[in-house]
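Engineer: Here is the input, now give the coordinates:
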Amino acid sequence: MPLDSLRTSASPRSAGVDAAHTRLLAQLDAELPPIVVNRRNREVVDGAHRLVAARLRGDTDIRARFVDCDDDEAFVLSVQLNTAHGLPLTLADRVAAARGILLRHGHWSDRSIAEITGLAHKTVGAIRRREGGEAVDVAARRGRDGTIRLADVSEGRREAERLLVEQPDVSLREIARRTRISVATVRDVRARLERAEEPVAAPRRGDPPPPARPAAAPAKPPSVDRFALIHMLRKDPALRFSESGRTLLRLLYTCVVESQDWVYSPERIPARYVDVLVAAARECGAAWREFAVELEQRPDLRSSG
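Structural biologist: Alright, predicted model coming up:
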């Protein structure tokens, strides 16, 4: 396209166009690679050095590749392209670019911004903390894959804990989607529940204390108590070394823990088995209810220790 139809945009390079680099490009006999131009306003997104070099050679036009984007998108693309090839951005320019992206897109993750600017994600995190303010410190962030996830996953972990216990047939991926945390984090929460641990890891020295957990409703014990119960019962020799005790532990573990992995959909059960399975499920439930009633009617068992 004609050189005189192009406009230069704000560059991520604080020093502007490097004269020595443009002279080197102008001396090349080969055709210059195409520049990137924003179709909306004819601004050069990537290729300012090639544009100047073409003018030094006396060219009247240059090859160009068009993109359609707004000014913010053009800035991010310019940083990304200038980091990936050509004359590298200086460290100061990459830091400034990261700061600019944080101000425009504070919900993006540190790793996502690091990939664009060529910085380490820890460096981006340090810039985020140093800048502070609402513009760069938000509750949710967009990752490199485009997924929006919570920046502080504590509440997401607690919600995942609730879903794992109250809706054991829901897949880990679905729980991750609902709570906006990763599948790996949901899996870690499940492992912590199996070990009768809190879903959120204990804070390290110097970290702020986690928010207080809301008290459970009096009518319903905290969901983690069932896992703590299994953990406690497994340590009791009276149960571990008796056949009836081991049977009880296996049944409890199956109902509380392994049921979370139950992903078999009722729609997939053959119709010829529905009635018998309904009856069997109800009988199992009735057996547990009778067991609970019997325990409730034996206060001497609860007080004997």
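
Engineer: quick one: the helices in the stretch 51-200 of the chain?
Structural biologist: 71-84, 91-104, 110-117, 121-131, 154-166, 172-179, 183-194 (DSSP state H, counting those that start in this stretch).

Engineer: for the ones you listed, which one sits closest to residue 24?
Structural biologist: Closest of these to residue 24 is helix 71-84, at 16.7 Å (criterion: Cβ to Cβ). All C-beta spots, glycine's among them, are computed from the backbone N, C-alpha and C.

Engineer: one step back: how about the helices of the stretch 51-200 of the chain in CSV, adding mean pLDDT and distance to residue 62?
Structural biologist: Converted to CSV, the helices of the stretch 51-200 of the chain look like this (pLDDT from 0 to 100; distance: least, Cβ to Cβ, whole Å):
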stretch, mean pLDDT, distance to residue 62
helix 71-84, 86, 16
helix 91-104, 88, 24
helix 110-117, 87, 26
helix 121-131, 86, 34
helix 154-166, 83, 50
helix 172-179, 83, 46
helix 183-194, 83, 47
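
Engineer: Now for residue 87, how many residues are close by?
Structural biologist: For residue 87, the count of nearby residues is 16 (other Cβ atoms under 10 Å).

Engineer: Could you check how far it is from residue 48?
Structural biologist: 10 Å (Cβ to Cβ, to the nearest Å).

Engineer: Assess the claim that residue 128 and residue 111 are in contact.
Structural biologist: No. With contacts defined as Cβ atoms under 8 Å, residue 128 does not count as touching residue 111, sitting 11.9 Å away.

Engineer: Show me which of those two is the more surrounded one.
Structural biologist: residue 128 (22 against 16).

Engineer: Domain ranges for this structure, per the record?
Structural biologist: 3-143, 152-201+222-263, 266-305 (automatic domain parsing).

Engineer: Tell me which residues of the last one come out buried.
Structural biologist: Neighbour counts over domain 266-305 (16 or more other Cβ atoms under 10 Å) mark no residue as buried.

Engineer: to the chain's geometric centre, what's the distance from that domain?
Structural biologist: Domain 266-305 sits 39 Å away from the centroid of its parent chain (Cα atoms, centre = their mean, to the nearest Å).

Engineer: tell me the mean pLDDT for it?
Structural biologist: For domain 266-305, mean pLDDT rounds to 72.

Engineer: for this structure, which helix is longest?
Structural biologist: Criterion DSSP state H: the longest helix present in the chain is helix 274-296.

Engineer: what's that one packed up against?
Structural biologist: Applying 3 or more Cβ pairs under 8 Å, 6 or more residues apart in numbering; DSSP states H and E, one finds that helix 274-296 contacts no other helix or strand.
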